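Asks: Predicted model follows, preceded by the sequence.
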Amino acid sequence: MFNTARKALFAALFAGLVWPVFAADLPEPVVEEAPPPVYEQPVDVGGWYIRGDLDYHKSKVRGIDYTTYTIDPCNCNVIPGDRSFDFGKLKGGFSLGAGVGYKINDHFRTDLTADYWFKSNFDGGTSDAFSTSTEVSKMSALLLLANAYVDLGTYHGITPYVGAGIGGAHVRWDDVRDPNTTEFNPGAKSWRFAYALMAGASYCLTDKLILDAGYRYSHIQGGRMFEWDISSAGPGFDRGIDTHEVRGGLRYQFGGNNGCAAPTVAYQPEPEPIYTK
């Protein structure tokens, strides 16, 4: 019995000395770490929006031509002649606009817009060999455009863009008067071809509301400015109107994603630690 106890004690001491040596040679268990979270960007295809804009614009009339009539002293025939204004200037004005559009993807969108230009004062002058006269009037317009834009990427929350539009304008001239006399020519109104070029930038205010600010150049084709009157002058035609606009407004998108929504973390179950030998 004593021999058996002594053998057991010897075996225990041997195991206590040898096991650390073998344990040092065994590979340590490896714990696999959880993968980093995966971010999902919202699908950015398709989204209707409405817009409202306010602008200050400065317009320039390219020139004004009109017809005069004289009587041939020999046979008393009426002879028409072409004349031009010495100068004609439009003062600055404001406009309000609205539109509806569709964002196609991250870089392309399109919309239809209508802008009403409030009346701008016009000052001009004419002269002949015997006299000079001052001409005053007012011009207003309704500009309708189909537009397309290219968004150039987002940098620190700001998205620059360029665009172009094509459409028509309904131009209305008030009566053209000489304030020093009672003479006047009735103003004319007409639809004309128009186009525009734009550049600007947008900024996300919320996940649906965007602030939009930019510049727009628009050109309206020439057309009739005033009619004939009893003073034997008219009709008159402007050669076209160039307008430079500084614009600001808001866009509100109803559906889809307008690029303002923050990325979300996709759900992933917490992985269990895996031990390998």
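Replies: Sure thing, it's come through.
Asks: Tell me where the chain has helices.
Replies: Secondary structure of the chain, counting by DSSP state H: helices at 2-25.
Asks: any low-confidence regions in it?
Replies: Low-confidence segments of the chain, defined by pLDDT under 70: 1-46, 70-81, 231-232, 262-277.
Asks: 50 - rerun?
Replies: 2, 13, 18, 22 (pLDDT under 50).
Asks: wait, residue 63 sits on residue 87?
Replies: No. Counting by CB atoms under 8 Å, residue 87 is not a contact partner of residue 63; they are 9.3 Å apart. Heads up, the C-betas are built off the backbone N, CA and C, glycines and all.
Asks: Which residue is the nearest non-sequential neighbour of residue 122?
Replies: Closest residue to residue 122 apart from its sequence neighbours, by CB to CB, 6 or more residues apart in numbering: residue 137 at 4.4 Å.
Asks: give me every residue that touches the closest residue to residue 186 other than its chain neighbours.
Replies: Nearest in space to residue 186, with sequence neighbours left out and distances taken as CB to CB, 6+ apart, is residue 227 at 4.5 Å. Counting by CB atoms under 8 Å, 6 or more residues apart in numbering, residue 227 touches 185, 186, 187, 188, 234, 235.
Asks: Distance of the third one relative to residue 236?
Replies: When distance is defined by CB to CB, to the nearest Å, residue 187 is 10 Å away from residue 236.
Asks: okay, and the common contacts of the two?
Replies: The overlap between the contact sets of residue 187 and residue 236 (CB under 8 Å, 6+ apart) consists of 176, 225, 226.
Asks: ok, those residues vs residue 56, which is closest?
Replies: residue 225 (23.6 Å; CB to CB).
Asks: what's around that closest one, how many residues?
Replies: Applying other CB atoms under 10 Å, we find 29 other residues in the vicinity of residue 225.
Asks: For residue 112, see how far away it is.
Replies: From residue 225 to residue 112 the distance is 28 Å (CB to CB).
Asks: for residue 259, phi and psi?
Replies: According to degrees, to the nearest 10, the main-chain angles of residue 259 amount to phi 90, psi 0.
Asks: list the contacts for residue 254?
Replies: 47, 48, 49, 50, 208.
Asks: nope, residue 197 is what I was after
Replies: Residue 197 touches 163, 164, 165, 216, 217, 218, counting by CB under 8 Å, 6+ apart.
Asks: Export these as JSON lines, with columns for neighbour count and distance to residue 117.
Replies: As requested, those are exported to JSON lines (neighbours: other CB atoms under 10 Å; distance: CB to CB, whole Å):
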{"residue": "163", "neighbour count": "20", "distance to residue 117": "19"}
{"residue": "164", "neighbour count": "14", "distance to residue 117": "20"}
{"residue": "165", "neighbour count": "22", "distance to residue 117": "15"}
{"residue": "216", "neighbour count": "25", "distance to residue 117": "12"}
{"residue": "217", "neighbour count": "14", "distance to residue 117": "14"}
{"residue": "218", "neighbour count": "24", "distance to residue 117": "10"}
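Asks: Name the nearest of those relative to residue 154.
Replies: Distances from residue 154 to the contacts of residue 197, taken by CB to CB, are shortest for residue 163, at 16.6 Å.
Asks: Quick check: end-to-end length of stretch 246-261?
Replies: End-to-end distance of stretch 246-261 (CA to CA, to the nearest Å): 28 Å.
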